[in-house]
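K.L.:
Provided below for reference: sequence and predicted model.
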Amino acid sequence: MTQPAAPYRLVVVPGDGIGPEVIAGGRRVLEAAGRLFGFGFEWREVLIGGVAIDAYGVPMRDEDMAVCRDSDAVYFGAIGDPKYDDPKARVRPEQALLALRKGLGLYANLRPVTVQPVLRGSSPVRESLLEGVDMLIVRELTGGLYFGKPSELRVTPAGREVVDTLAYTEQEIRRVVKLAFELAQGRRKKLTSVDKANVLSSSRLWRTIVEEVKAEYPDVTVEHRLVDACAMTLIQRPAVFDVIVTENLFGDILSDEASVLAGSLGMLPSASICERRTAYGLHGMYEPIHGSAPDIAGRDVANPLATILSGAMMLRWSLGQPAAAEAIERAVADALVAGYRTPDLVAATGDQPGQKRVGTQAMADAVVAALEAGASQKVGAASAGAGAKVAVR
Ligand SMILES: NC(=O)c1ccc[n+]([C@@H]2O[C@H](COP(=O)([O-])OP(=O)(O)OC[C@H]3O[C@@H](n4cnc5c(N)ncnc54)[C@H](O)[C@@H]3O)[C@@H](O)[C@H]2O)c1
């Protein structure tokens, strides 16, 4: 593709806990991809989360939200700090995440779940069940229980009561369902819509809309599953899924469950995208699915691969650089095949011959080295072939 005349304008949100560590590794990999493929980045760093409460007294300032909006994409680590865990606290880091999703209009969260062949032994699920697992979970991100009003605790003469509201408009359901159909068309053409239509009115409208939309995508096979049954099948027969589309709460739970298949929360990336287009693609926010992992923060042991793979998704969805995205994904696989393992990846198996236990930054360096090695192999292969085009710069 034609390379951009100016650097991509990225906002980086390291956040709390292991966020700054994994983001540092992810940035080095993106910079290396830029050098190899001929593009650059202008980074603006903002404080959001517990670090923002410490600095400004609020989890996110309005001006920082504006900076995120005025960018080509947002690269996000993780937020959350145990010192703000008190459920009675008025300000909490996680409020910023919900505000960012709503404020940027990030209506769809895409979570690919694949299992690297060399990591099959790291999952508690039997290896034979992991063969062929390759699914994409599409989670609605700005509606449902996480945003419905009222959401409050009430004190009544009979005691305390609480209410949360699960509300969806027809348009909110339709746009995420259509996106899921389109994504299924580019994959194995199978869509599983997950709901609780035997109990919830919102799920019955969800199911009705999926049935209405499917006429526009005759090449896609559709099935409906109840969320409880789907949770079982995800572990019993995970390879049957291609694209899963579901509402906010069900998607949150099912995608964390699916991470068990990949061997560690530290392996799974995500993209949250909105309808707004930038010069290069859809505006979006890219982050690992894990949280700030305070139990391991500051020790250089966190797995940076989910963050690095989120960077690859950013190149593909927001920056129009699919070849660089693929190169990073290949480099992650190559680093794992070469034996590099962060501690989470050997927790189930123990150290094996040929494996090298490394920390966060050394794992990122291994990915950079694999990326550069992959590029020089391509250049070598290209110059060896008469008249062949050099694939990378
Ligand atoms: N998007 C986000 O920023 C996000 C998402 C989930 C949770 N959180 C917040 O994170 C904090 C901690 O939450 P939690 O403990 O429930 O979830 P978590 O994902 O932070 O950690 C769960 C477990 O997985 C491990 N883990 C997570 N990421 C890892 C990595 N990259 N490498 C190795 N091990 C990893 C942790 O050490 C921990 O044992 C809370 O404040 C929570 O609200 C934030």
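P.N.:
That came in fine, so what should we check first?

K.L.:
how far is the longest helix along the chain from where the chain is centred?
P.N.:
As assigned by DSSP state H, the longest helix anywhere in the chain is helix 360-384. In terms of Cα atoms, centre = their mean, to the nearest Å, the centre of helix 360-384 is set 24 Å apart from its chain centre.

K.L.:
does that helix come close to the ligand?
P.N.:
No. Contact of helix 360-384 with the ligand (Cβ under 6 Å from any ligand atom) is absent, the minimum separation being 8.1 Å. C-betas here are computed from N, CA, C, even on glycine.

K.L.:
packing partners for that helix?
P.N.:
Packing partners of helix 360-384 (3 or more Cβ pairs under 8 Å, 6 or more residues apart in numbering; DSSP states H and E): helix 19-37, helix 305-317, helix 322-337, strand 340-341.

K.L.:
and those: which comes nearest Gly143?
P.N.:
Proximity to Gly143, assessed across the helices and strands packed on helix 360-384 by Cβ to Cβ, is greatest for helix 305-317 (20.9 Å).

K.L.:
average pLDDT for the closest one?
P.N.:
Averaged across helix 305-317, the pLDDT comes to 98.

K.L.:
keeping just the C-alphas, turn it into PDB.
P.N.:
In PDB, the C-alpha atoms belonging to helix 305-317 read as follows (Å, rounded to 0.1, in the frame of the first residue of the first chain):
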ATOM      1  CA  LEU A 305       2.000 -11.000  23.800                       C
ATOM      2  CA  ALA A 306      -1.700 -10.100  24.100                       C
ATOM      3  CA  THR A 307      -0.600  -6.400  24.000                       C
ATOM      4  CA  ILE A 308       1.700  -7.000  21.100                       C
ATOM      5  CA  LEU A 309      -1.100  -8.900  19.200                       C
ATOM      6  CA  SER A 310      -3.400  -6.000  20.000                       C
ATOM      7  CA  GLY A 311      -0.900  -3.800  18.200                       C
ATOM      8  CA  ALA A 312      -1.200  -6.000  15.200                       C
ATOM      9  CA  MET A 313      -5.000  -5.600  15.300                       C
ATOM     10  CA  MET A 314      -4.500  -1.800  15.400                       C
ATOM     11  CA  LEU A 315      -2.300  -2.000  12.300                       C
ATOM     12  CA  ARG A 316      -5.000  -4.000  10.500                       C
ATOM     13  CA  TRP A 317      -8.200  -2.200  11.600                       C
END
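
K.L.:
that one vs helix 322-337, what angle?
P.N.:
160 degrees (axes from the mean of the first three to the mean of the last three Cα atoms, to 10 degrees).

K.L.:
now do helix 305-317: which elements does it pack against?
P.N.:
Using 3+ Cβ pairs under 8 Å, 6+ apart, helix 305-317 sits against helix 19-37, strand 73-78, strand 108-114, strand 269-277, strand 282-288, helix 322-337, helix 360-384.
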